[in-house]
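> Provided below for reference: sequence and predicted model.
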Amino acid sequence: SVKQAQKDGASIENISAGLSISVVKNALYKVIRASSPEELGRNIVVQGGTFYNEAVLRAFEKEMGVNVIRPDIAGLMGAYGAALYGKARAAAGQMSTVLTQDELEHFEQKVSTVQCGGCGNHCQLTINVFADGKRYISGNRCDKPVTGKATSDDLDLYAYKLKLLLDYKPENEGNSRGVIGIPLCLNMYELLPFWHTFFTKLGFTVKVSPVSSRKLYQEGQATIPSDTACFPAKLSHGHIAELCKMGVDAVFYPCMSYNVD
């Protein structure tokens, strides 16, 4: 972490370089999930405002092992693509809603802020009211300020995924080779189906820690060696502490720097 690097006496130049390399590796191996630089090809065009940063651009080139092309309008490529997409999707005879030069010159809006009291998030909303009475609300974490309701009838994929994970119950009880505890945190949200099935088929009983909560987080606080760890990493200590109370013979939590799809 940056704090730890500063404590170790690292220079500003080295810290900046480390951050640039970290941004690139995170995008390549955790977001895109490429197994190697060669997988992305050898002729590469980059886009996005992040690549205006010369250090990030050079870090990307060093990691890829090739020189890449950065357009002069790299930070506007997303907007340009959206415009092309909108043009292609427009129906015949459909008029553009883009403001004219005269409308822009006489453009007016009123801006106010308000704190939403709909739930415990207490979102700080920014409300823009335009001359024609239309409103634009930003800062909301749900659809309630726009639709009037926080939930919809659409499928909540996060809730659906959590339900599937919670459906994995302990088996082989009473005739088990042992009890394996698996913390429901970090990469185990993706790997639980595999490891639960793996140990169950081998004759073990698998117990999974409860869903994350504030109480669970506080339970593992005394075991965290460094304050620079991210919140999900700190939370994992609570999961493991809870498993120790559930009568498991061993906690299974392998070190996995990179996952292979």
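Ah, there it is. For clarity, every value in this text was computed on a predicted model and none was experimentally measured.
> List the residues that contact residue 69.
Residues in contact with residue 69 (C-beta atoms under 8 Å, 6 or more residues apart in numbering) are 44-46. Bear in mind the C-beta positions are built from the backbone N, C-alpha and C, glycine included.
> Now tabulate the residues you listed in CSV and tack on neighbour count, pLDDT and distance to residue 27.
Shown next, in CSV, are these (neighbours: other C-beta atoms under 10 Å; pLDDT from 0 to 100; distance: C-beta to C-beta, whole Å):
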residue, neighbour count, pLDDT, distance to residue 27
44, 15, 94, 13
45, 10, 94, 15
46, 17, 93, 10
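> Of those, just say which sits nearest to residue 235.
Closest to residue 235 out of those is residue 46 (34.2 Å), distances taken as C-beta to C-beta.
> Would you mark the buried spots in the helix or strand containing residue 81?
Here residue 81 sits within helix 77-89, counting by DSSP states H and E. The neighbour-count check on helix 77-89 (16 or more other C-beta atoms under 10 Å) flags residue 77 as buried.
> Would you reformat the contacts of residue 69 as a markdown table and include secondary structure?
Compiled in a markdown table, the contacts of residue 69 are given as follows (DSSP: H, G, I helix; E, B strand; the rest coil):
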| residue | secondary structure |
| --- | --- |
| 44 | coil |
| 45 | strand |
| 46 | coil |
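> follow-up on the earlier one: just the mean pLDDT for the helix holding residue 81, thanks.
Average pLDDT, helix 77-89: 91.
> Show me how far the very next helix or strand once past that helix is from its chain's centre.
As assigned by DSSP H and E, the chain's next helix or strand after helix 77-89 is helix 101-105. Relative to its chain's centre, helix 101-105 lies at 39 Å (C-alpha atoms, centre = their mean, to the nearest Å).
> other SSEs contacting helix 101-105?
With contacts defined as 3 or more C-beta pairs under 8 Å, 6 or more residues apart in numbering; DSSP states H and E, helix 101-105 has no packing partner among the helices and strands.
> Using CSV, list the CA coordinates for that helix.
Output of helix 101-105 as CSV, limited to C-alpha atoms (Å, rounded to 0.1, in the frame of the first residue of the first chain):
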residue,chain,number,x,y,z
GLN,A,101,-26.7,27.0,-30.0
ASP,A,102,-29.5,29.4,-29.2
GLU,A,103,-30.9,27.1,-26.5
LEU,A,104,-27.5,26.7,-25.0
GLU,A,105,-27.0,30.5,-24.9
